[in-house]
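Enquirer: The sequence and its predicted three-dimensional model are supplied below.
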Amino acid sequence: MLDINTKDYWNGRYKAGGNSGAGSYGRLAAYKAEILNGFIAEHGIRTMAELGCGDGNQLGLLKVERYTGYDISSQAVEMCKERYRGDGTRAFRLYDPLGASFKKAQAAELSVSLDVVYHLLEDRTYESYMRDLFRLSERFVIIYSSNTDDRPGMAAHLRCHRFTDWVEANLPDWTLCGYLPNRYPFRPDSPDDTSMADFHFFSRHERIGAKYACLLDSPGETAAPTDAEAAELMRLAGESVRAGGLEKAAGCLRSASANRGAMLLAINGLGAVLGAMGRHQEAEEAMKAVLAREPKNAQARINLAKLYLSRERWGDLPPFRGELLALRATDARVAMRWPLIAVKVGNPR
């Protein structure tokens, strides 16, 4: 049983003069605004609801015609009302995740949750919040959060949730159709301007722009291939790799990823090919897209460990200690570098 309460924690924090946290300020706030404003413009969004508006600083960077913010903290709601006093396009409401009145709230075209899900401590609060977040939207939902099982050693006011599984099990009308890994992934030595949150895009039977779909959506407008077609594309990709035709291999793998049965395998292969081509950011996005769907996917974790190792991104490697051990036993180059790896990452025994 957790010894603090979500509502009490945030009311106490704001009363003590605190704010919504580092994620709502600086380069992280600018990054979130860039992604959200781009999505709003590309998809013609006019109305937006935010469930967990905090102190309103992030809102100041957003460009949307009409906005309604909800928060569990009465202190936060009053701060926002004062901050945007006189702006009739912005409204703020107190949110009670266990109350009944919220069911009458008017839906917007887009609802968003930014740095909120991993702050929901109680099971009932989390379940109610998720249902309300999707109830608030008519078209799209964007969640910016970590998407993993709870981890030991986290601060008392944090609790991780694997929310994509919850949506799939409880809201069949909604589909995870896009994923963008954070441009500034969390680093322990820079906690205020890096984050463990990524963007996850959900839609109700509506396509989203390619930039936001990443590799989770089918490429182009063509129908998904049959299993036989996917198998042939995978075979051609293998032949192309062996012949040195990496660009052709990447094209085959992108097409094969349109088939749900072959999707994860194809995107895994695509990540490896893109890495070999030196397109490291795209390679990382591909492998993280796989892990967004299947966090324990062994091949994606191995591929990501290889990428981070090749780029000497030591701060990103500690979660992949098991994969490093496996590579040590199978890859002579990793074995040769092991003394350095052990110093930089911590001997992963």
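Expert: Looks like it arrived, so ask away.
Enquirer: show me what contacts the spatially most central residue of the chain?
Expert: Centroid check for the chain by C-alpha atoms, centre = their mean gives residue 198 as the closest residue, at 2.6 Å. By C-beta atoms under 8 Å, 6 or more residues apart in numbering, residue 198 lies in contact with 144, 145, 146, 147, 179, 180, 181, 182, 288, 292. Glycine gets a C-beta too; all of them are placed from N, C-alpha and C.
Enquirer: of those, closest to residue 345?
Expert: Of all those, residue 345 sits closest to residue 288, with 19.3 Å by C-beta to C-beta.
Enquirer: What residues sit buried inside the one helix or strand residue 322 maps to?
Expert: Secondary structure from DSSP states H and E places residue 322 in helix 321-330. By neighbour count with 16 or more other C-beta atoms under 10 Å, helix 321-330 contains the buried residues 321, 323, 324, 326, 327, 328.
Enquirer: what are the ranges of the helices in this structure?
Expert: Remark: helices assigned in the chain by DSSP state H are 6-15, 26-42, 74-83, 123-135, 163-170, 210-213, 227-242, 246-256, 263-276, 280-293, 298-310, 321-330, 332-336, 338-345.
Enquirer: Would you reformat those as TSV and include mean pLDDT and distance to residue 65?
Expert: Output for those, formatted as TSV (pLDDT from 0 to 100; distance: least, C-beta to C-beta, whole Å):
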stretch	mean pLDDT	distance to residue 65
helix 6-15	62	28
helix 26-42	94	9
helix 74-83	90	18
helix 123-135	91	21
helix 163-170	89	27
helix 210-213	74	20
helix 227-242	84	42
helix 246-256	84	35
helix 263-276	87	36
helix 280-293	87	30
helix 298-310	89	39
helix 321-330	89	46
helix 332-336	82	53
helix 338-345	88	48
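Enquirer: As TSV, these with distance to residue 202 would be great.
Expert: Listed next are these as TSV, based on distance: least, C-beta to C-beta, whole Å:
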stretch	distance to residue 202
helix 6-15	23
helix 26-42	12
helix 74-83	25
helix 123-135	7
helix 163-170	7
helix 210-213	11
helix 227-242	25
helix 246-256	22
helix 263-276	17
helix 280-293	12
helix 298-310	21
helix 321-330	30
helix 332-336	38
helix 338-345	35
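Enquirer: So for residue 106, which of those helices sits nearest?
Expert: From these, taking C-beta to C-beta, the stretch that ends up closest is helix 123-135, at 10.6 Å.
Enquirer: Check which helices and strands that closest one is in contact with.
Expert: Where contact means 3 or more C-beta pairs under 8 Å, 6 or more residues apart in numbering; DSSP states H and E, helix 123-135 is packed against strand 47-51, strand 108-114, strand 137-145, helix 163-170.
Enquirer: closest one to residue 96 among the ones you listed?
Expert: When the helices and strands packed on helix 123-135 are compared (using C-beta to C-beta), the closest one is strand 47-51, at 11.8 Å.
Enquirer: Which residues outside the helix holding residue 322 are in contact with it?
Expert: Contacts for helix 321-330 (C-beta under 8 Å, 6+ apart): 301-302, 304-306, 309, 317, 334-335, 338, 341, 345-346, 348-349.
Enquirer: Can you check which of the helices and strands packed on helix 123-135 gets nearest to residue 91?
Expert: For residue 91, the closest of those is strand 47-51, at 9.6 Å, according to C-beta to C-beta.
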